[in-house]
Every structure is written in structure tokens, then in C-alpha cells.
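In: 3D, please:
(one chain, ligands or ions: 2)
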Amino acid sequence: MQKFVIKGGQALHGEVRISGAKNAALPILMASLLATDDVELQNVPALQDVQTSLKLLADLGIDSDRLDSNSYRIHPQTIANHVASYELVKTMRASILVLGPLLARQGKAQVSLPGGCAIGARPVNLHIEGLRQMGADITVENGYINAQVEGRLQGAAILLDTVSVTGTENLMMAATLAEGVTTIENAAREPEVVDLANFLNTLGADVRGAGTDTIEIHGVEKLHGGSYAVQPDRIETGTFLVAALVTGGDVTCRNTDPSMLDAVLKKLTEAGATITKGADWIRLQAPKRPHSVNVITAPHPAFPTDMQAQFCTLNAIADGTGWVRETIFENRFMHVPELQRMGAQIELEGNTAICKGTDRLAGAQVMCTDLRASASLVIAGLVASGETTVQRIYHIDRGYETIEKKLSALGAQIERHD
Ligand SMILES: CC(=O)N[C@H]1[C@@H](OP(=O)(O)OP(=O)(O)OC[C@H]2O[C@@H](n3ccc(=O)[nH]c3=O)[C@H](O)[C@@H]2O)O[C@H](CO)[C@@H](O)[C@@H]1O
Ligand SMILES: C=C(OP(=O)(O)O)C(=O)O
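Out: Ligands and ions are numbered 1, 2, ... in the order given. A predicted model of the protein is given here:
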């Protein structure tokens, strides 16, 4: 099993090119099965989750050609199968995003229940209830969601009990081919939802209001092909900015979009960073030592849960005591015991990690449990004295494109070992 070996203590300096967003690329890949002609996608991040998505599409009979390391042409003209197997879904929860488009296009879909994961139970009841409201007949048996509909799905007025990103995306995709108008209230406002809506509209869908809490979808009979570039990854951007801050560096993220990172940039500034930005870049210049900050995760535009673990590492080495409160997932602090092994003084009280900053973390052997926890441990390794070994890095490969190469180019001493 591969691991990272990091020798800490180098301040990061230079420029890093941000990749396409994982959480936009995955729904966009699934949405391409709604089209009846070729779809060309650019700025697709080279990630394990993207490979899993392409494999899932291939299992449905949809071939794709790799045009270069970040571009694909997908051929969704015919769909041969309607089953997303447990074998694939268990490796990537976002496979649930195939449910809405497959049902809308084929009239039937059988998708393995994703189940929980390290960060929480992560139910999909809102996806299922919304599709039922649109006329789908759905049973859940033997670990599979079995959905079918006679004729087309029907437009419906859907009010989500709680804000769900992939729930909003699944229903939005399904509604593009429904008969009539669908409204989704209490919709997720995440930038990835907007990117998906823009992609769907490129294919001839009529989606309005994405980025607000009410999305209106006017169903059309079919979607045509098209070409689209995935938006930059705001979480990868934020991760590099935190790494620059904690190591006392000066890093410019290129090919990103500062408008998607307001809450994160606000907290980085509060921690003492000097932030400058242009239309597609952000530069962070670190102070001598950052101050601790208090953070509460909540749906966009508030502070993203996917940046929570990285901010725990920031608070671990900052001046003062800061807390991080997680309100989205019930179990998203698996990084805390690992950071404690490196000398972080963090206490967990319910859904809050209270951290008394120390000016010295010590290298140790640590273990990744999920994607963003892994990122927080790599950042901790960059700032710790001595050597840190980060194990189970397959988690980080799900969501960060060649992170060790990008960090090395900024001056970090990090190597991938078998
Ligand atoms: C592939 C992708 O885009 N993943 C992101 C997506 O995950 P994902 O879409 O799975 O997360 P949700 O927005 O659905 O989850 C938000 C909350 O709603 C709850 N819930 C969700 C659906 C449902 O049917 N019932 C229900 O109760 C969840 O348990 C959680 O407590 O948004 C999360 C929150 O920003 C991010 O951390 C993930 O990186
Ligand atoms: C939790 C995440 O991803 P996923 O929903 O794919 O597990 C994430 O990107 O931080």
C-alpha cells in the first residue's frame, strides 16, 4: 500500500496550477449519460474517482476516449445496462449520482445503496423521495435501489428537508428530461451545482436559478451533445492556501476562482494571511505565525465542511486557542487522533474540536481515514519537525491530482513510496 514520506520544515514558495473540481467533474460525468450525442469534457482532474466514474459509465455500455490527461470524449448514444453494482459504488459514494440521469434516460435504474463512510451515515432518502415525487416507483431491496417509471418522469414541486449537494444534483439531472416543470426548494447553492446546471444547459436543458436556494427545471424531450470545461477545484485551492500559511510560505494558486472561496479566504485573512487575488488567481503570503481561528461548517456560501480538517491543522500550530465546529457530518474528526499523535493539543467536545496551538508538531506515522483528513495530515507533515509517514494515501488520490508533485514543485520534501 502506498504512503507519503514527508520531511517537514520547508516553507512553500511559488505557483501551483489548480485542477478541475472533483465534485463538479463527477456529476458532470454522470450527467453526460443524459445526452444522445458525443460529449467532450475538458479540465477533468486526473483522479481515482474520475476513473471509477468512467468505469461505471463503461459498465452501462457508454464508451469514452481519453483525448489527453484531462480531456475525454464520451459516447452516450446508446445505453446497454441499467445496473450500478456494489463493487463500484462501494469505492465511490458519488456513484449515487447515476440514479437520476439513468432513470430519466432509460426509465429504469438499479443502483447499489452507497451506505455510510468514515465521515458519517450519509443517507440518500432525499434523492429517493424526490424521484418518487416525480413519479418513479422505487423499492430498496438487498442493498439496491430499484427505480422505474412508466413513460417520462413528471415535473414536481420538491422541498428538500435538508440541504443536500448530490441530492440537489440527482434531482436536477433527472428533471431535465421530465415532462413539465420541476422546482427544487431548499436546494444546495454550492458552486458545483452551478457548474452542473451550466453543463446541462450546454446540452440543451433548461435549468434556471442554480446557485440560489430555488432551482427551476423545465423538462425537455432530449439532450444533445456538447463540449464543456469543468470549473476549478475550490477545495484543492483552499488546501494549498492552508499549506502555504502553516509553513510560513508565499504561494499563488493559478487557474482557480476566488469568488468560490469567500468564507475560506475570510478565515485565512483572520488568521493573519495577506491575500491578493485576480480573476483566476489567489496569492497567499504568510505571517511569521498564524493566529488561531474559529470556524463553523455549513452549506455554501458558509464555511465548507471539506476544508474543516485542514483548518484543524492550522489551529494546531497557530498562536492561541481556536475551535472548529462541524455541523454537516456527524463523524468528521477522524484526523484529530492522528494530529494528536503529532503533538497537536486538540480536545473533542461533541461536534467541536477545540485546539490550543503549539509552535511545534513532531513527525510521526499517521493513517488516512478519508479524503480531507488525509489532506490535513499531509499539511501537518509539511510543518512538523522530522519525518512523517502518511499511510493509506489511496484516500487522498481520490481527490487530489498528483498532490506530491505539486507540493514538491513548491519546495516541499514529500515522496510517494510503495
Ligand atoms: C461528491 C460530492 O459532491 N460530495 C460532497 C457532497 O456530499 P453529499 O452530497 O453526499 O453531501 P450532502 O450535501 O448530501 O449531505 C449534507 C447532509 O445532508 C444529509 N443528507 C443528505 C442526503 C439525504 O438524502 N439525506 C440526508 O440526511 C447528510 O447526511 C449530511 O448530513 O456535499 C458534501 C457537503 O458539502 C461534501 O462534503 C462532499 O464533498
Ligand atoms: C467527502 C468528500 O467526497 P465524497 O462525497 O465523494 O465522499 C470530499 O470531497 O471531501
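In: With adjacent residues omitted, what lies nearest to whatever residue of the stretch 151-300 of the chain ends up closest to ligand 2?
Out: Nearest to ligand 2 in the stretch 151-300 of the chain, going by CB to the nearest ligand atom, is residue 235, at a distance of 6.4 Å. For the C-beta atoms, the positions are set from N, CA and C on the backbone; glycine is no exception. Leaving out its chain neighbours, the residue that sits closest to residue 235 by CB to CB, 6 or more residues apart in numbering is residue 306, at 4.6 Å.
In: list the contacts for that neighbour?
Out: The contact partners of residue 306, by CB atoms under 8 Å, 6 or more residues apart in numbering, come to 23, 235, 372.
In: Quick check: the gap between it and residue 233.
Out: Residue 306 sits at a distance of 10 Å from residue 233 (criterion: CB to CB, to the nearest Å).
In: Now do the residue nearest to residue 235, the pLDDT please.
Out: Residue 306 is assigned 98 on the pLDDT scale.
In: Ligand 1 versus residue 54, what's the distance?
Out: 16 Å (CB to the nearest ligand atom, to the nearest Å).
In: Oh, that last question was meant for residue 134, not what I typed.
Out: For residue 134, the distance to ligand 1 - CB to the nearest ligand atom - is 15 Å.
In: Next: residue 207.
Out: Counting by CB to the nearest ligand atom - residue 207 and ligand 1 are separated by 17 Å.
In: same thing with residue 341?
Out: Relative to ligand 1, and taking CB to the nearest ligand atom, residue 341 is found at 25 Å.
In: what's the answer for residue 194, then?
Out: Taken as CB to the nearest ligand atom, the span from residue 194 to ligand 1 is 13 Å.
In: Establish whether the host helix or strand of that residue and ligand 2 are in contact.
Out: Per DSSP states H and E, residue 194 falls inside helix 191-202. No: using CB under 6 Å from any ligand atom, helix 191-202 stays clear of ligand 2, coming no nearer than 9.8 Å.
In: how about low-confidence regions in this protein?
Out: Residues of the chain meeting the criterion pLDDT under 70: none.
In: Break it into its domains for me.
Out: 3-19+232-417, 22-229 (the TED database).
In: what is in contact with residue 306 and residue 233 at once?
Out: residue 23.
In: what helices or strands is the helix holding residue 194 leaning on?
Out: helix 22-31, helix 165-175, strand 206-208, strand 226-229 (3 or more CB pairs under 8 Å, 6 or more residues apart in numbering; DSSP states H and E).
In: Could you look up the next helix or strand downstream of the first one?
Out: Helices and strands here follow DSSP H and E; after helix 22-31, the next one along the chain is strand 39-42.
In: Would you mind listing the buried residues in that following strand?
Out: 39-41 (16 or more other CB atoms under 10 Å).
In: quick check: angle from the helix holding residue 194 to helix 165-175?
Out: 10 degrees (axes from the mean of the first three to the mean of the last three CA atoms, to 10 degrees).
In: what distance separates helix 191-202 from the centre of its chain?
Out: How far helix 191-202 lies from its chain's middle: 15 Å, per CA atoms, centre = their mean, to the nearest Å.
In: Using the three-state scheme, assign the residue nearest to residue 235.
Out: helix (DSSP: H, G, I helix; E, B strand; the rest coil).
In: How much space separates it from ligand 1?
Out: 5 Å.
In: What's the separation between that residue and residue 348?
Out: In terms of CB to CB, residue 306 sits 19 Å off from residue 348.
In: mind listing the helices for the stretch 201-350 of the chain?
Out: 234-246, 262-270, 308-317, 335-341 (DSSP state H, counting those that start in this stretch).
In: The residue of the stretch 151-300 of the chain closest to ligand 2 against residue 308, yeah?
Out: No: if you go by CB atoms under 8 Å, residue 235 and residue 308 don't touch, sitting 10.6 Å apart.
In: what do those two both touch?
Out: residue 372.
In: Who are the contact partners of residue 34?
Out: By CB under 8 Å, 6+ apart, the neighbours of residue 34 are 76, 101, 104-105, 173, 176-177, 200, 203, 205, 223.
In: who in the stretch 101-250 of the chain is up against ligand 1?
Out: Counting by CB under 6 Å from any ligand atom, the stretch 101-250 of the chain sits next to ligand 1 at 120, 122-127, 162, 164-167, 188, 192.
In: closest point of the chain to ligand 2, which residue?
Out: Taking CB to the nearest ligand atom, the chain has residue 306 as its residue nearest ligand 2, at 4.0 Å.
In: if I look at that residue, how far off is residue 258?
Out: Going from residue 306 to residue 258 by CB to CB gives 17 Å.
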